[in-house]
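# Got a predicted structure here, sequence first:
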Amino acid sequence: MALPDEVIAQLSGDYLSLDGARARRVELRDGKLFYVRSQSNQSELRAVGPSRLHILPESSGAELEFEPATTTKPARLIFTAPGEATVALEAYRPRTYSAEELQAFSGKYASDEFPTSVTLTVKDGKLFAQGGGIGLTELTPMAADLFKLSMYWQTGLLHFERNANGAVEKLRFDMDRVQNLYFIRSASD
């Protein structure tokens, strides 16, 4: 089944789960729709109804149900798969930051729960993370104080938290099975 161009235009874009733990993208490439989890983990989509798509291979049983935007709510994708919890994702427009604004996030962060530290730096107007087993990796801005970290086949989210004065003091890392892993910013940064 072919989807009308206006449905494809509405469907294409960036989505964030309601709990803020998953970021996904729907892209149109070479006439085909793809469900993108990370740069190296994407699946082709096949329309099976006016708002229902199978995530290929179909043997996975994974589906997306698309709910178009209305005047009161953004577009939504409802992800279902056998043996997994249903996940609702809402469309959003990625946030942009100036190099100066990104400096507010730079510094060294350490976790009491995980024996490692992560250093965030700004280079060429972009924010990068390094440490904790990852090489220098660009962070993609998503929303206010929220960035996406794509590595290998997974996508992680970094939620920054600010103190009463508005200074960034910690970050929370979420990636599929890893949830609510906190890193505290070093006082010297």
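Here it is on my side, so go on. Just so you know, these numbers come straight off a predicted model, no measurement behind them.
# after the helix or strand of the chain with the lowest mean pLDDT, next one along is what?
Least confident helix or strand of the chain, by mean pLDDT, DSSP states H and E, is strand 146-151 with a mean of 84. Proceeding N to C from strand 146-151, the next assigned helix or strand is strand 154-162, under DSSP states H and E.
# Sheet partners, orientation included, of the least confident helix or strand of the chain?
Sheet pairing of strand 146-151 (DSSP bridges) gives strand 134-143 (antiparallel), strand 154-162 (antiparallel).
# Next, format those as a markdown table and append mean pLDDT and mean neighbour count.
To be clear about C-beta, it is placed using only N, CA and C from the backbone, and glycine gets the same treatment. Formatted as a markdown table, these follow (pLDDT from 0 to 100; neighbours: other Cβ atoms under 10 Å):
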| stretch | mean pLDDT | mean neighbour count |
| --- | --- | --- |
| strand 134-143 | 88 | 15 |
| strand 154-162 | 86 | 19 |
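# so where do the helices sit in this protein?
Assigned by DSSP state H, the chain shows helices spanning 5-11, 99-102.
# From N163, how far off is the residue most central in space within the chain?
The centroid of the chain falls nearest to A23 when counting by Cα atoms, centre = their mean (2.5 Å). As judged by Cβ to Cβ, to the nearest Å, A23 and N163 stand 26 Å apart.
# same deal with L146?
Where N163 is concerned, L146 sits at a distance of 17 Å (Cβ to Cβ).
# thinking again about what came up before, averaging pLDDT over each of the helices of the chain, report the lowest-scoring one.
Lowest mean pLDDT within the helices of the chain: helix 5-11, at a mean of 88.
# which residues sit against that one?
Residues from elsewhere that reach helix 5-11 (Cβ atoms under 8 Å, 6 or more residues apart in numbering): 3, 26, 28, 33, 50-51, 66, 68-69, 75.
# and what of stretch 24-31?
Outside stretch 24-31, the residues that reach it (Cβ under 8 Å, 6+ apart) are 8, 11-17, 33-37, 42, 45, 77, 79, 89, 155.
# pLDDT below threshold where in this structure?
Along the chain, the parts satisfying pLDDT under 70 run over 152-154, 188-189.
# Kindly recompute the last result at 80.
Residues of the chain meeting the criterion pLDDT under 80: 19-21, 38-39, 132-134, 150-155, 175-178, 187-189.
# domain ranges for it?
For the chain, automatic domain parsing gives the domain ranges 5-92, 99-185.
# ok so, going back, quick check: beta-bridge partners of the residue nearest to the centre of the chain?
Taking DSSP bridges as the rule, A23 bridges to L16.
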